[in-house]
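Undergrad: have a look at this prediction, sequence included:
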Amino acid sequence: MAIENQVPEELQKNVFLTSVDFLYNWSRKNSLWPMLFGLACCAIEMICTAAGRYDLARFGMEVMRPSPRQCDLMIVSGTVTKKMVPTIVRLYNQMAEPRYVLSMGACATGGGPFKEGYNVVSGIDKFLPVDVYVPGCPPTPEALLYGILKLHEKIQNQSVRTVPWYRKDTPKGITVPELGPDIFLPDRAAEIRQITMKQKPATAVEES
Ligand code: SF4
């Protein structure tokens, strides 16, 4: 049978790449290695998920690595304090591409019960690109597994032609935030200074 009759019309021009995509994504999604770190109570549920009852090994994920250089999945499980953010971003920058971030629980996603607290950030997605959010306080192991399956779907739908890590114009890392009077991104320092000066009363501006 001629190949034109076997392949849908929209795929006839890229059947090779489509097959590469399928194999590439199938093998990647079934061998994700999460980083072994937890931030608060959600981490206990993550640990349960990796144990015998829920058995992460079914997904090729049994190896939780202690080094970011050996991981391709960061599960942010717990409360993200302002003091921890620079370290989390530094760990993310040390992971090799392709890499993914799963935000586990209300705290990691939006601050949870500590939202707008003096020492907690309102979501890790203010600093890192998050691929999947898992709601809950804490999410159950089943919810985390569902989030991981959603990540599998996302990986399966990626294409080697468009993924960012093969593009020359992709930024290599994320700016590490700094702890100042409050946490801020150094590359936004000029903008922040400008806003602060605008908010100061006229007398204070004259004195400074
Ligand atoms: S979302 Fe709930 S269980 Fe998870 S770290 Fe925050 S307070 Fe703890």
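TA: Thanks, I have it.
Undergrad: could you use CA atoms for every contact and neighbour count after this?
TA: Will do.
Undergrad: in the chain, which spans are helices?
TA: 3-6, 15-29, 42-50, 85-94, 105-110, 141-156, 189-199, 202-207 (DSSP state H).
Undergrad: tilt between the longest one and helix 15-29?
TA: Going by axes from the mean of the first three to the mean of the last three Cα atoms, to 10 degrees, helix 141-156 is angled at 160 degrees with respect to helix 15-29.
Undergrad: what does helix 141-156 rub up against?
TA: 22, 25-26, 28-30, 45-46, 48-49, 54, 102, 104, 131-135 (Cα atoms under 8 Å, 6 or more residues apart in numbering).
Undergrad: same question for the fifth one.
TA: By Cα under 8 Å, 6+ apart, the surrounding residues in contact with helix 105-110 are 42, 76-80, 103, 112-115, 121-125, 133-139.
Undergrad: list the buried residues in stretch 124-143.
TA: 124-125, 127-128, 130-136, 138-141, 143 (16 or more other Cα atoms under 10 Å).
Undergrad: what is the neighbour count of Ser67?
TA: Using other Cα atoms under 10 Å, Ser67 has 14 other residues around it.
Undergrad: which residues of this protein lie near the ligand?
TA: Contacts of the chain with the ligand, taken as Cα under 6 Å from any ligand atom, map to 40-42, 78-79, 105-107, 112, 137-138.
Undergrad: in ChimeraX, select just the buried ones from these.
TA: Filtering these down to the buried ones (16+ other Cα under 10 Å) takes a single ChimeraX command:
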select :42,78,79,105,106,107,112,138
